[in-house]
Structures are given as C-alpha cells and as structure tokens.
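A.B. asks: No sequence on hand, only this structure:
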C-alpha cells in the first residue's frame, strides 16, 4: 500500500478522522509549520475516500507531488523530532542528582598496633575524600600529623598509601 503526501492549507491544526472514531485519525499542523507537520503521509485508501476527496475539493488539503517538497517536509519533521528528543534528554539529565564518589567506603586503619604492624581496624570514610587524610580509627586519630601520603608510581595510578614518619634525635655536628 503506497502513501500520498498531503499538505494542510489551513492556518491552524487540522484533524481528519478516517472512521469517525477518536482512535483513528490524521493530524496536521497549520500551513507553513516550521516543524514540517503541515505535510502528512496519507494512505491511498484514505486519500480515495469520498470524505477526504471532499476536503481536497474544498481546498483544505493539497497533494504534494514534488520530491523536493516531500523531502524538505520530512527533513523538518526529523529535525523537530530530534530537537524534542534532545530537549527531553537534557531535562531528564538535569533532574538526575549526580553526586559521584560520595559513597562511604571502608578502609583499614594505618595506625600502629602493639606487635609493630598496622592496626587494621575498619574505618568508614567518604570515597571522594578517601585520600585527603590517613584512615585512622578513633584510637589513632591523634597520630594523623605523623603520616605522609605516597602516591602510586604509574601516571594513571591514583592510589595513595600512608607512611608514618618519626622525627629523629637532633644531632649536633662538631
């Protein structure tokens, strides 16, 4: 079944119901619509109905026959649809709350234990601030100034390890 392209000649929207029911209709924008929706594809079956032919004779509709006019209308419809889709994507994207890396993560306390190793107690920190200060449990929080960060050796390695430093005795030179 082929289609014919028909333009609305009225200045405002026009609706043609193919069977008198609300569920089966064709809708046009007003003539010259920038969206291209003033030209719609109409099936041969609908185009040849007496009711539709009556609208054509009255001048409400005109068949569009030039390929350029049809392609222009379809291109305007495609651009209008893409514009609405892009606007909907922007609107939905702006509604998303993007708080990246704001999760709580568990790290192990780097403070000392009595056997000379690391404490290892679980410490909760915000993921985006995990490398800002050494992960220390409440018992070792006061030692924060004794730790320095050591960053990964690779350019893409963003890992941080914490090393405890101690000040040695001041030695006087003779």
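C.D. replies: Good, I have the coordinates. Model, not experiment: these values are computed from the prediction. Residues are numbered from 1 along each chain as shown.
A.B. asks: Show me what counts as buried in the longest helix seen in the chain.
C.D. replies: Counting residues, the longest helix in the chain under DSSP state H turns out to be helix 67-95. Using 16 or more other C-beta atoms under 10 Å as the burial criterion, the residues of helix 67-95 that qualify are 70, 73, 76, 77, 80. C-beta: built from backbone N, CA, C; applies to glycine.
A.B. asks: Would you reformat these as TSV and include pLDDT?
C.D. replies: Below are the buried residues of helix 67-95 laid out as TSV (pLDDT from 0 to 100):
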residue	pLDDT
70	85
73	85
76	88
77	89
80	90
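A.B. asks: Can you list the strands that the next helix or strand after the longest helix of the chain pairs with?
C.D. replies: Following helix 67-95 in sequence order, the next helix or strand is strand 104-108 (DSSP states H and E). Strands that pair with strand 104-108, judged by DSSP bridges, come out as strand 122-126 (antiparallel).
A.B. asks: List the buried residues for the partner strand?
C.D. replies: Applying 16+ other C-beta under 10 Å to strand 122-126 flags 123, 125 as buried.
A.B. asks: how long is stretch 27-36 end to end?
C.D. replies: Stretch 27-36 stretches 12 Å from its first residue to its last (C-alpha to C-alpha, to the nearest Å).
A.B. asks: Distance from it to the middle of the chain?
C.D. replies: Computed by C-alpha atoms, centre = their mean, to the nearest Å, the separation of stretch 27-36 from the middle of its chain amounts to 29 Å.
A.B. asks: Residue numbering should commence at 8 henceforth.
C.D. replies: Right, with 8 as the first residue, what we last looked at is stretch 34-43.
A.B. asks: So for it, what gets flagged as buried?
C.D. replies: For stretch 34-43, by 16+ other C-beta under 10 Å, it's 35, 36, 40, 43.
A.B. asks: just checking, what packs against the longest helix of the chain?
C.D. replies: strand 10-15, strand 46-50 (3 or more C-beta pairs under 8 Å, 6 or more residues apart in numbering; DSSP states H and E).
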